[in-house]
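Participant: Next comes the sequence, and after it the predicted model I'd like to discuss.
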Amino acid sequence: MAVLHQIEEGFQLIVQYGVLLLECAGVSVLLATAVKSMIGCVKNKPHIRLYLAQGISLALEFKLGGEVLRTVVVREMSELLTLGLVILLRGALTLILHWEIKTEEARIDGAAGNRELPEETAALK
């Protein structure tokens, strides 16, 4: 029985470090993206909104991975419900961000298409 207890404690330790690693990765990505986006905004770089949305989405994916991993060691139903709600909220945020990214990419493609249109029209004349 003591061996089983040690294996369980070791497993919980591995999961806790995994969650910590994923959470730290998410926070690091978010902070790096925010700093780069602020610098890009000051320098008036194009497509900074798209870069920021992609960075936030990636950070949320790491955080969501941490939450999923955390469900492995849940002991009580109330903890599972709380984690389930957090996962649902983060999943919804991720979906909204992906929609925002697609919308921004379409806007960029549309703007690039509008700029190319006069050149094509000039070539036809």
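Facilitator: That came through, no problem.
Participant: pLDDT score for Leu21?
Facilitator: Per-residue confidence for Leu21 comes out at a pLDDT of 97.
Participant: And the helices in this protein?
Facilitator: Across the chain, reading from the start of the chain, the helices by DSSP state H fall at 2-42, 48-70, 77-124.
Participant: so which of those helices is the most packed in?
Facilitator: Across the helices of the chain, averaging neighbours per residue (mean count of other C-beta atoms under 10 Å) puts helix 48-70 on top, at a mean of 19. Using the backbone N, CA and C atoms, a C-beta is placed for each residue, glycine as well.
Participant: what's that helix packed up against?
Facilitator: If contacts are counted by 3 or more C-beta pairs under 8 Å, 6 or more residues apart in numbering; DSSP states H and E, helix 48-70 sits against helix 2-42, helix 77-124.
Participant: Of the ones you listed, which shows the lowest average pLDDT?
Facilitator: Here the lowest mean pLDDT among these goes to helix 77-124, at a mean of 77.
Participant: Run through the neighbouring helices and strands of it.
Facilitator: helix 48-70.
Participant: Kindly export the helix it packs on (C-alpha atoms) in PDB.
Facilitator: Coordinates of each C-alpha in helix 48-70 appear next as PDB, following Å, rounded to 0.1, in the frame of the first residue of the first chain:
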ATOM      1  CA  ILE A  48      -0.800  44.900 -34.800                       C
ATOM      2  CA  ARG A  49      -4.400  43.900 -33.800                       C
ATOM      3  CA  LEU A  50      -4.000  40.600 -35.600                       C
ATOM      4  CA  TYR A  51      -0.700  39.900 -33.900                       C
ATOM      5  CA  LEU A  52      -2.200  40.700 -30.500                       C
ATOM      6  CA  ALA A  53      -5.200  38.500 -31.000                       C
ATOM      7  CA  GLN A  54      -3.000  35.600 -32.100                       C
ATOM      8  CA  GLY A  55      -0.800  36.000 -29.100                       C
ATOM      9  CA  ILE A  56      -3.800  36.100 -26.700                       C
ATOM     10  CA  SER A  57      -5.200  33.100 -28.400                       C
ATOM     11  CA  LEU A  58      -1.900  31.200 -28.000                       C
ATOM     12  CA  ALA A  59      -1.700  32.200 -24.300                       C
ATOM     13  CA  LEU A  60      -5.300  31.000 -23.700                       C
ATOM     14  CA  GLU A  61      -4.400  27.700 -25.300                       C
ATOM     15  CA  PHE A  62      -1.600  27.200 -22.800                       C
ATOM     16  CA  LYS A  63      -3.800  28.200 -19.900                       C
ATOM     17  CA  LEU A  64      -6.600  25.900 -21.200                       C
ATOM     18  CA  GLY A  65      -4.100  23.000 -21.300                       C
ATOM     19  CA  GLY A  66      -3.200  23.700 -17.700                       C
ATOM     20  CA  GLU A  67      -6.800  23.500 -16.700                       C
ATOM     21  CA  VAL A  68      -7.400  20.300 -18.500                       C
ATOM     22  CA  LEU A  69      -4.300  18.800 -16.900                       C
ATOM     23  CA  ARG A  70      -5.600  20.000 -13.500                       C
END
